[in-house]
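Novice: I would like the atomic coordinates for the input below:
(2 chains)
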Amino acid sequence: MFGLLGPNGSGKSTLVSILATLLPLSEGRASVFGRDVALSPHEVRRSIGVVFQSPSLDRNLTVRENLVHHGHLYGVSGRALRGTVDAALARGGLAERAGERVQTLSGGLARRVEVAKGMLHGPKMLLLDEPSTGLDPAARRDLWTRLKDLRSKEGVTVLVTTHWMEEAERCDRLAILHEGRAVAQGTPAALRGALPFDVVQFRSADPEGLLDAVKGRFGVEGAVQDGAVRLERNGGQEFARQVTSVFGDRIDAVTVGRPTLEDVFVRHTGRGFWEGKA
Amino acid sequence: MRYLLPAASLARREVVRFLRQRNRVVSAVLQPVVFWGLFSAGLGGSLKVASGTTAAAFFFPGTLVLVLLFTAIFATISIIEDRREGFLQGVLVAPVPRGAIVLGKVGGATALAVLQGTLFLLLAPVAGLHLTVLSVAQTLGVLALVSFPLAGLGFSIAWRMDSTQGFHAVMMLFLMPMWILSGGLFPSEGVHPVLAWIVRVNPLTYGVAALRCVLSGAAPSGPSLAGSVAVTAAFGAAMLAAATAVASRKTRP
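Specialist: Below is the predicted model of the structure:
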C-alpha cells in the first residue's frame, strides 16, 4: 500500500490522472507495471482499477446495474459476468443492497460500491484519489479495513492519495508531494525516524513570553504553534526537565514526543501543512 | 465485441435512465402533441397548403423531426452531466475505444428519439395520414436514420462543453433555425432565394422530405425518397466521424 501525502494542489490528483491514462504528459514518461501510459494505454487500463475523488457511479442505476455496466466496458458479459458481479457484491457486503439505486445509498456504501467496481475486472493495482473525502469516521475505518484486506488477501497494490496524516500513517510506503514534486519517500516510520530530534511542547497562558524567555536562557530556536511553544531538540526529556526547573511557574503542561508525519512534512517543504501558497 | 458490448451497454443505460425519470417520459409524450396542435391551429390558416392535404397533415412530418431533434439532442447533452457528475471518467479509464463510447451514446440517443417518434406516430391517423404496415416500417427506418446524425451533432457540440447553459445558446442560434429552414414549418417554394438556398443545403431538409414521402406515399414536390435517404445517411456518417474525432482528441479528458 503506497500513500501519496500532500495538501490540496500538490499534484496528487494530477498524478492519479496521468497513471490512469486520462491526462497526457507534457514531458517525461510514466509507466504502470512496465507499460508506458502514453504508448499502450489499453494495457495499462486493464491492469488498474480507479476510484476517483468524485463518484463515477450512475446514481439512477442500481448497484448491480452499475457493476454489470462496468463489466461490459471491460468486455465481460453473460454468465461469467454474473458470477463476477455476485462475488464482488458478496465481498463488498453489498449483496442485500444490489437492487437499490445508488442515489439511495449512504456515502460509505456508495464508496464501497465504487471500490467493488474498481476491483471488478481483477486489476493488479487499485488507484484511489482521496477515497475518504466526505465519509464519516466509521465509514472511513471500514474503507481502510477493506483496502488493507485487498492488499493482504488478494495481493493488490493499493495506491492512495490523502491529506490525512492518520491515513498516511497506515500506508506501507509513503511519498510526500509538494508542488508537484515528491520531496520525501519511505515508510512512515523511516520518514519520522529520519528527523533526529524530539518535539518538546510547553503549554502556557503566555506562549510568546515564554518562548522569548526560553530562547534568551537556553539559546535555542522555536516557535509558537496552536497556542503552545514548540521546540525541536535532541534529548527532549532532559531539555524539558531543565526548562521546567527554571520556568515551571509559567508552564501549564509539557509534552515530549517523536516527530509526527506533519513534522516531517514541515521539515521537507519548509511550511505548515495547511498553509497555502504564499 | 470490443466495440459492440460497451456501446450496447452505454446505449442501454441511456434508455433505462430515461424511463426512470418520470418527468422526462411525461414531457416526451406531451410536448410534440402540444407543438403539433399549436402549429396546425395557429399557422394553418395563414399557410396555403397544396390542395388535397390538411394543415395537420402538412405539419406532421416537421413536428416529427422536431421531436427527433429535441430528444436526440437532449439525450446527448447528458454527456455534460456525465462528465460533471464523474460517471464519464469511469468510462474513459476503461479499455474502451473512444469510437465505442460515441456509438453507445449516439445509439442510445437515437433509440430514445425513435421511441418518442413512434409514440407521436400513433397520432398519424388523426392527421388524416393513412398508414400501412409498409409505410410504418419505412417510417421507423427513416426515424432512426434522421435521429442518428442529430444525436451525433449533439454529441460533437456537447463533448467539450462544461455546462448545459452554453448548449442552450447553440440550440437557439443554430439548431432551431436549422429545423425552421428544413421545410417542416413552411414550404420552400416562393421564399427569398437566399433562404431557399439554405433550405437546399440544410441536411435536415432531406430528413423532413424523406418522412413526408413515406408518410404520404409520394412526395408532391421536393427531393426524391432515394435522394433524401442517401443525403441523410451521408449526414449520419459525417456526424459519427465528427463525434469520434472530437472525442478522440487527447487534449482534454
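Novice: quick check: which ranges of the chain have low pLDDT?
Specialist: Picking chain A for this. A:270-278 (pLDDT under 70).
Novice: wait, chain B was what I had in mind.
Specialist: Residues of chain B that meet the cut-off, pLDDT under 70, sit at B:1, B:47-52, B:217-221, B:250-253.
Novice: so what are the domain limits for chain A?
Specialist: Taking automatic domain parsing as the reference, chain A has its domains at A:2-191, A:196-258.
Novice: looking at those domains, which is closest to chain B?
Specialist: Chain B sits nearest to domain A:2-191 of all these, at 3.2 Å, using CB to the nearest CB. Any C-beta I mention is one placed from the backbone N, CA and C, and that applies to glycine too.
Novice: could you count how many residues lie near residue 91?
Specialist: Just so you know, I chose chain A. Residue A:91 has 18 neighbouring residues, counting by other CB atoms under 10 Å in any protein chain shown.
Novice: I was after chain B.
Specialist: 23.
Novice: that one touches residue B:9, doesn't it?
Specialist: No: using CB atoms under 8 Å, residue B:91 is not in contact with residue B:9; the gap is 9.8 Å.
Novice: okay if I get the domains of chain A as JSON lines plus distance to residue B:132?
Specialist: Converted to JSON lines, these look like this (distance: least, CB to CB, whole Å):
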{"stretch": "domain A:2-191", "distance to residue B:132": "39"}
{"stretch": "domain A:196-258", "distance to residue B:132": "83"}
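Novice: who wins for proximity to residue B:228 among those?
Specialist: Nearest of the domains of chain A to residue B:228, taken as CB to CB: domain A:2-191 at 35.6 Å.
Novice: okay, and residue A:148 sits in which element?
Specialist: Taking DSSP states H and E as the criterion, residue A:148 maps to helix A:137-154.
Novice: packing partners of that helix?
Specialist: helix A:107-119, strand A:125-129, strand A:157-162 (3 or more CB pairs under 8 Å, 6 or more residues apart in numbering or on different chains; DSSP states H and E).
Novice: reformat the ones you listed as TSV; add mean neighbour count.
Specialist: Formatted as TSV, the helices and strands packed on helix A:137-154 follow (neighbours: other CB atoms under 10 Å in any protein chain shown):
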stretch	mean neighbour count
helix A:107-119	22
strand A:125-129	22
strand A:157-162	22
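Novice: export the ones you listed to JSON lines and tack on distance to residue B:14?
Specialist: Putting the helices and strands packed on helix A:137-154 into JSON lines (distance: least, CB to CB, whole Å) gives the following:
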{"stretch": "helix A:107-119", "distance to residue B:14": "19"}
{"stretch": "strand A:125-129", "distance to residue B:14": "27"}
{"stretch": "strand A:157-162", "distance to residue B:14": "32"}
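Novice: these: which one's closest to residue A:173?
Specialist: Checking the helices and strands packed on helix A:137-154 against residue A:173 by CB to CB gives strand A:157-162 as the closest, at 10.1 Å.
Novice: what's the first helix or strand after the closest one?
Specialist: Using DSSP H and E, the helix or strand that follows strand A:157-162 in sequence is helix A:165-169.
Novice: now do the next helix or strand after that next one: distance to the chain's middle.
Specialist: Downstream of helix A:165-169, the next assigned helix or strand under DSSP H and E is strand A:173-178. Here strand A:173-178 shows a centroid-to-chain-centroid distance of 9 Å under the convention CA atoms, centre = their mean, to the nearest Å.
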